[in-house]
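Enquirer: kindly generate the corresponding structure for this input.
(one chain, ligands or ions: 1)
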Amino acid sequence: MQQSHRSADLVRDLYRQGASYIFARKPEEIAKEYGFRQVARLASNENPFGPSPRAVQEAEKALVSMHRYPDTTHTGLIHALREYHGDYSFVTGVGMDGVIETCIRTLINQGDLVAISTPTFSFYGLAAAAQGGVVRNIPRNPDFTVDVPSFISAARDAKISFLCSPNNPSGTVTPVSVIEEILQNITGILFLDNAYVEFSSEEYHQLMNRYDNLIIGRTMSKVFGLAGCRVGYAFVPDWFKPVYDKAATPFTLNTISAAAAIGALSDHEYIRKTIAYVRTWREIFTKETRKPVLPSGANFVMIDVAPLTGDQATDFFAQKGVLVRSCRSFPGLADHYIRVCVGEEWENIRFLEAFRII
Ligand SMILES: *Cc1c(COP(=O)(O)O)cnc(C)c1O
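Expert: Have a look, this model is predicted:
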C-alpha cells in the first residue's frame, strides 16, 4: 500500500500539513506510567458530579426507540430549552462544536473573513479554515480583557466573529456593555461562546431581543454534565434558524443524547449544586496557589507557572497523579500557563497538595 503517495494525491493540503485540535493526555496513560490507581482529571472542564440522575433516566427511556431516526426538528429538546430560558429561537448540534461548524458552513464562502479574539478555544479557527474562511486573530490585552477598538476594527467587515466569555483558557469575563458596543459597530455576526456562562455572574441572552446579529453558543457538556453525549445549542436570531437548519447535516443530534439533555435541563437542583460547588473551589484555588491566578468566571482557572513552562508544570502534576492542561496549544498565548478545572474533592486536594511542592 502506497499510503503516503495516496495521501499526497487525494487529501487536502489543510489535512496533510495543517494544525489540528490538541487533546489533553489520556488519564489511563498517566495512571499506568506513574503507578496511580486513579488520576485526578482536571484538564477537560467536565462536571465532577457525574450526570444528573434525570438525564440518565431519560436516556434510558429513549433507548427502546433507537431503531427510529430522530425527530428532525428536535421538538422535545427545543421545548425544554424554551422552558428553561424563555421564548427565544434555538438551534441544536452535536456539541457546541457541531453548532460552530454548522454556523460557519451556513455563512462562509471561500475567502470570507472570520475574526477571532485570541488566545482562545482553537476550534473556531480550525472550523473556519476547513470551510475556506480567512482567519484574522485579534490579540487580547495583556490582562486578557478584550482590546475593544482592535476587535471592532478587525471584526467590522468579517462575516462572523468569535468571542468567548468566560474565555477559555483565561477565564476572563467580558461585560455585557462591551458585547453591546461590539454588536453596534460590526455588520456581520458575533458568535458569543458562553460554554461556561453559568459559573459567572454575567448573563447575555437578553441581548437577543435587541440585536439580530448575535448568536450565543451554549453547551450541555459543562454545568449540565453531558460531555460524552455531545449536545450543544445556540440562541439565534429568528432569521438565522431556517438557514442553519438547511445547512445542518441531517439527523446529527441523536435521540438518546437529546433525551439526556431534556432530563438534565429539568434538574435545577443538580445545576444549582454544581454552580455553588464550583464557585467555592474556584475561590480556594485562587487563594491557595502561590502563583498568579487569572480572575475566572468559569469552572477552571488559568495559572501563571513561570519560571516553569506549561508543559513542564503539566509533567510535574502528571507525576503526582494530577492531569492538568498545559496552555501551550492555545495560539497566541505565552508558554508559561496551565489550566486547571474544579474536580471532585479528592482531586482538588491532590492538586493543591502537589502545588505546595512545585
Ligand atoms: C467545551 C467548550 C465548547 C464546546 O463543547 P461541546 O462539548 O462541543 O459542546 C465550546 N467552547 C468552549 C470555549 C469550550 O470550552
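Enquirer: how about the residues of the stretch 1-150 of the chain by the ligand?
Expert: The stretch 1-150 of the chain comes close to the ligand at residues 45, 95-97, 121, as judged by CB under 6 Å from any ligand atom. In short, each C-beta sits where N, CA and C put it, glycine included.
Enquirer: just send the residues you listed back as CSV, with distance to residue 212 too.
Expert: As requested, those are exported to CSV (distance: CB to CB, whole Å):
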residue, distance to residue 212
45, 31
95, 25
96, 21
97, 24
121, 25
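Enquirer: now the buried members of those residues.
Expert: 45, 95-97, 121 (16 or more other CB atoms under 10 Å).
Enquirer: returning to what we had before: would CSV of the residues of the stretch 1-150 of the chain next to the ligand with secondary structure, pLDDT and distance to residue 317 be doable?
Expert: Listed next are these as CSV, based on DSSP: H, G, I helix; E, B strand; the rest coil; pLDDT from 0 to 100; distance: CB to CB, whole Å:
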residue, secondary structure, pLDDT, distance to residue 317
45, coil, 97, 16
95, helix, 98, 27
96, helix, 98, 27
97, helix, 98, 26
121, coil, 96, 22
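Enquirer: any low-confidence regions in the stretch 251-358 of the chain?
Expert: Within the stretch 251-358 of the chain, not a single segment meets pLDDT under 70.
Enquirer: any idea how far whichever residue of it sits closest to the ligand lies from residue 168?
Expert: Per CB to the nearest ligand atom, residue 298 is where the stretch 251-358 of the chain lies closest to the ligand, at 8.2 Å. Here residue 298 is placed at a distance of 7 Å from residue 168 (CB to CB, to the nearest Å).
Enquirer: more crowded one of these two?
Expert: Between residue 298 and residue 168, counted using other CB atoms under 10 Å, residue 298 has the larger neighbour count: 29 against 23.
Enquirer: how about that one, nearest residue that isn't a chain neighbour?
Expert: In space, not counting the residues next to it along the chain, residue 298 is nearest to residue 196; the distance is 3.7 Å by CB to CB, 6 or more residues apart in numbering.
Enquirer: contact partners for the one you found?
Expert: 45, 166, 168, 171, 222-223, 297-300 (CB atoms under 8 Å, 6 or more residues apart in numbering).
Enquirer: now those residues in TSV, with distance to residue 264 and secondary structure?
Expert: Shown next, in TSV, are the contacts of residue 196 (distance: CB to CB, whole Å; DSSP: H, G, I helix; E, B strand; the rest coil):
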residue	distance to residue 264	secondary structure
45	16	coil
166	20	coil
168	21	coil
171	24	coil
222	11	coil
223	9	coil
297	21	coil
298	19	coil
299	16	coil
300	20	strand
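Enquirer: phi, psi of the nearest residue to residue 45 once chain neighbours are set aside?
Expert: Leaving aside its sequence neighbours, residue 45 sits nearest to residue 341 (CB to CB, 6+ apart; 4.4 Å). Here is the backbone geometry of residue 341 (degrees, to the nearest 10): phi -100, psi 160.
Enquirer: tell me how many other residues crowd residue 341.
Expert: Residue neighbour count, defined by other CB under 10 Å, stands at 28 for residue 341.
Enquirer: overlap in contacts, residue 298 and residue 168.
Expert: Contact with both residue 298 and residue 168 is made by residues 45, 196, according to CB under 8 Å, 6+ apart.
Enquirer: which helix is the longest one in this structure?
Expert: helix 268-288 (DSSP state H).
Enquirer: tell me the buried residues in that helix?
Expert: Buried positions in helix 268-288, judged by neighbour count with 16+ other CB under 10 Å: 270-271, 274, 277-279, 281-282, 285-286.
Enquirer: which residues touch that helix?
Expert: Outside of helix 268-288, the residues within contact range by CB under 8 Å, 6+ apart are 47-49, 52, 54, 198-199, 223-225, 264, 293, 295-296, 299, 301, 340, 342, 348, 351-352, 355.
Enquirer: same deal with stretch 94-109?
Expert: Identification of contacts with stretch 94-109 by CB under 8 Å, 6+ apart yields 91-93, 114, 123-124, 127-128, 130-133, 159-160, 189, 191, 193, 195, 215, 217-219, 221, 230-234, 240, 243-244, 246-249, 252-253.
Enquirer: and that stretch, C-alpha only, in PDB?
Expert: In PDB, the C-alpha atoms belonging to stretch 94-109 read as follows (Å, rounded to 0.1, in the frame of the first residue of the first chain):
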ATOM      1  CA  VAL A  94     -23.500  17.700  18.100                       C
ATOM      2  CA  GLY A  95     -21.900  19.600  21.000                       C
ATOM      3  CA  MET A  96     -21.400  23.400  20.600                       C
ATOM      4  CA  ASP A  97     -18.500  22.300  18.300                       C
ATOM      5  CA  GLY A  98     -21.200  21.000  16.000                       C
ATOM      6  CA  VAL A  99     -23.100  24.200  16.300                       C
ATOM      7  CA  ILE A 100     -20.000  26.300  15.500                       C
ATOM      8  CA  GLU A 101     -19.200  24.100  12.500                       C
ATOM      9  CA  THR A 102     -22.800  24.500  11.100                       C
ATOM     10  CA  CYS A 103     -22.800  28.300  11.700                       C
ATOM     11  CA  ILE A 104     -19.600  28.600   9.700                       C
ATOM     12  CA  ARG A 105     -21.000  26.300   6.900                       C
ATOM     13  CA  THR A 106     -24.100  28.500   6.800                       C
ATOM     14  CA  LEU A 107     -22.200  31.700   6.300                       C
ATOM     15  CA  ILE A 108     -18.700  31.400   5.000                       C
ATOM     16  CA  ASN A 109     -17.700  31.300   1.300                       C
END
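Enquirer: good, we can wrap up now.
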